[in-house]
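S.K.: sequence and predicted structure are below.
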Amino acid sequence: LQHYFIQSNLSDDNSQSFMASTLTQSVPGTDIRDSGDFKQLNINRNILKKYDEKIISTVKQIFYIILDDWMYNYKKLYTANHFSSLFERILDLVTRKKVLDFLLPGFPAKSSNDVRKVLGTTVDFGEFIALRTLMRTARKLEKIYKHGVLITILSDYHTFDQYVGVEEEVYQEYHTGLKNMIAGMGGETTFRVVSLSSFPEFRNTPTCSLSRKLYSDYGPEGFAGSFDELIKEDGAMLERYKQMKKFMTTDLATRLPSSSPNSKTNKRFLKNVVVGMMAQGAALDSFLKQQQMLVDYIRISIHAHHPSKGKFAVDLFGSCLGTEEHILRTPWHHTVMLDTGGDVFVVGWKQDLLNREDDSSFITTVYFEGNPWLLVRVVLDAKSGFELNDEDLSIDLIKQGCGMIIKNTSENPDLPSSVIHQATMTSLIKHFGLVVLKGFRPFTSEEDLFTQYHAHSPHGAIPWEHGPVHKVRFDNSEPGIVNRRGPLPLHWDLAFPPRYMGVNQSQHRYEDFTPREFLLYCHRNSQEGRKGPTTFVDAAGVALSIPGNLARKWEKIELTYETKLIDRKRSAAEDRSRTGAEDRSRVGVDDKSRVSVEAPSKHTNMNMNASAESQKSLYMGGRGNTFSYPLVMDCPWTHQPVLRWQQSWTRSENPNSVQEVSYKIRKSSGKSSSVSESDLEAEVRKMAFNDRFYLKYVAEEGDQVYVNNYTTLHGREAFTNERELWRVQLVPPTTNVPEYFSEFGKKFYSKHKIRQ
């Protein structure tokens, strides 16, 4: 039974659960990393001795990245010793300086059962997560292996098209969507998508005849005719047949010839389907062993093969799956749901996911370009006093993995956004970077806005001298570019904390002072004149798209930023502000002393609104107030690489600007970099401004724009109309809050009698 369940090409949940329970009792050995060497690995020691230590070191790094990121049931059922053949295959390819090519048959088309199992017939967020899982690992490998990494997807629809109940035109739409999705992720050099038609052996074969030609040329002769005799003699084959029949009974539930599930007609139909699929699978295996177009590859699989058999099972959802019982699942047979209550992605059959709704939540469908994309469980806040259901909201994505617009489609314009629980908003912001709420009850004042939003952080809102609510509007009396009508360069908020905040990078990490999220509320945006859209960049998407050769260079780069006024009058005002700030804080960039926080006397009223008088300090940095950041860093929230880049902003490019942003390059080791600032700027702009990751949003009055400050960058185009946004930034949830944030914040909350 162990042998059968491991070898079964199509195993249901019960069979895999049984396999887990039995194999757990019989796995010997220890992880070779735990032992500190390769003594436990089943490889000839004398053969290993002939390889250079650097090669062995590289192979070990590749080997363990693949085990940790991809291999199904590694550390649960299997040790590294079970993957000895994988190590040998990697060693062979690395020694010969070959591309690490991983061959994955799969991604045929969506299941025909869109009633119970899947959302529709096109690619959706399930495929996106699966491709992202593969691509993230490929990027890791590219950084340590310069000869290249490739994932070859063999779309196997035409292997089984006679039996799966999916028409050719539906497959073609899915196939095209898969390629477009890869391109949208910047993965054209990482993935190669092929089908039987790509091989010389089938190049002149009509698509309608591909599966038949595959079987006639490479299939087991007489398999169907002798099947009954075979299963009498082979118990493992009989069990495999039963499990496949059970699987296909559900998959083809909407395509069965008889309305009676247990009719003889349906039983004969399902037997022909399963026997045919078993024969076709054997034919595909035989063909792949004989063909010469794809050579020197590592065979990975979406089926739970034992690793000793040379087909290594990949867990496409391992990085984000949160189910009670973790089994191997595929995006073309399952649906993805973000359960915002637990902040976890759940993968399962659509109908099973919809049944997870309860009295405190509802489940709704998110769409992208008109197609169903994923499910979201929305948790409601009972304290709001309002009710909500899935018919009261419409949710659409702007990009395939970033940017979400939630519209109030109910007949109640007085519906407050607080009806959506804080946990749901936080989860959506975390995973989609940008979340816009439209059509909800407007905030009546800054106090109204602040009172609702500050509670989303245990430490409340960032306490600027002028108060926590910053009015972004035209005000010529303000220093800097934020309150002008001109464009704003791409940046992330609080990259330049003003000196009075006492932020010291020798004492405070990036996640100690950088707001994890912030809210832009559109108070006014008149129809007359140019509206000035806010611009956004999916910084996580950009980081994932960086190819290996560039990633190896960028990961060593650290940028030291400075921003300053370039108008003489403004510079004088800035200098006066800077001198005062230094007197108040007594903490410079490299000063390791703690700041004694005292609110400046002229700001002791701590007004809620950002008056002109109280904003004389430069909002974005100041001359000599430098901060350093890696160009690419791991996000402390999502734990994935993100681009951290402040767009260079010079007077030569922007002659009407009153403020400059510049940076100097140095490697993380502290040594000067051979890359010039201008060359780097051109490289980064090319990727950041790519339409795959760059978007514009024109806010309408009443829109609430929530931004993940860790995974996005934002800027602004010029505007000529009456435009006013209110911004509130949240103190990050850290145990090392800068003293100014906590002390000044406490005074503010106490004065205004706000519960923190």
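M.R.: That came in fine, so what should we check first?
S.K.: how distant is the lengthiest helix in the chain from the center of its chain?
M.R.: For the chain, the longest helix by residue count, based on DSSP state H, is helix 264-290. Centre-to-centre, helix 264-290 and its host chain are 37 Å apart (CA atoms, centre = their mean, to the nearest Å).
S.K.: next, the angle helix 264-290 makes with whichever helix or strand comes after that helix.
M.R.: Using DSSP states H and E, the helix or strand that follows helix 264-290 towards the C-terminus is strand 297-301. Counting by axes from the mean of the first three to the mean of the last three CA atoms, to 10 degrees, strand 297-301 points 160 degrees away from the direction of helix 264-290.
S.K.: each with direction, which strands does strand 297-301 pair with?
M.R.: strand 100-106 (parallel), strand 312-313 (parallel) (DSSP bridges).
S.K.: ok, residues contacting it?
M.R.: 70, 86, 89-90, 93, 100-106, 152, 288, 310-314 (CB atoms under 8 Å, 6 or more residues apart in numbering). (C-beta placed from N, C-alpha, C; glycine too.)
S.K.: next: stretch 357-372.
M.R.: 119-120, 122, 124-125, 337, 341, 353-354, 356, 373-380, 382, 388-390, 393-397, 400, 404.
S.K.: what ranges do the strands span in the stretch 101-250 of the chain?
M.R.: 149-155, 191-194 (DSSP state E, counting those that start in this stretch).
S.K.: flag every buried residue along the shortest one.
M.R.: Put plainly, it is strand 191-194. Using 16 or more other CB atoms under 10 Å as the burial criterion, the residues of strand 191-194 that qualify are 191-192.
S.K.: also the longest one?
M.R.: Along strand 149-155, these residues count as buried under the neighbour rule (16+ other CB under 10 Å): 149, 151-155.
S.K.: make TSV out of the strands of the stretch 101-250 of the chain and add mean pLDDT and distance to H454.
M.R.: Shown next, in TSV, are the strands of the stretch 101-250 of the chain (pLDDT from 0 to 100; distance: least, CB to CB, whole Å):
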stretch	mean pLDDT	distance to H454
strand 149-155	98	45
strand 191-194	97	44
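S.K.: reformat those as CSV; add distance to E653.
M.R.: Below are the strands of the stretch 101-250 of the chain laid out as CSV (distance: least, CB to CB, whole Å):
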stretch, distance to E653
strand 149-155, 37
strand 191-194, 36
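S.K.: residue at max distance from the center of this protein?
M.R.: Distance from the C-alpha centroid of the chain, by CA atoms, centre = their mean, peaks at E229 (50.0 Å).
S.K.: ok, now how distant is it from L238?
M.R.: Distance, E229 to L238, using CB to CB, to the nearest Å: 11 Å.
S.K.: before we move on, what about P498?
M.R.: 74 Å.
S.K.: and these two? which has more neighbours close in?
M.R.: Ranked by neighbour count (other CB atoms under 10 Å), P498 and L238 place P498 first, with 22 against 14.
S.K.: which of the contacts of strand 297-301 are buried?
M.R.: Looks like the contacts of strand 297-301 have 70, 86, 89-90, 93, 100-106, 152, 288, 311-314 buried, using 16+ other CB under 10 Å.
S.K.: on that earlier part again, can you add mean pLDDT and distance to V59 and give the strands paired with strand 297-301 back as a markdown table?
M.R.: Listed next are the strands paired with strand 297-301 as a markdown table, based on pLDDT from 0 to 100; distance: least, CB to CB, whole Å:
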| stretch | mean pLDDT | distance to V59 |
| --- | --- | --- |
| strand 100-106 | 97 | 11 |
| strand 312-313 | 96 | 15 |
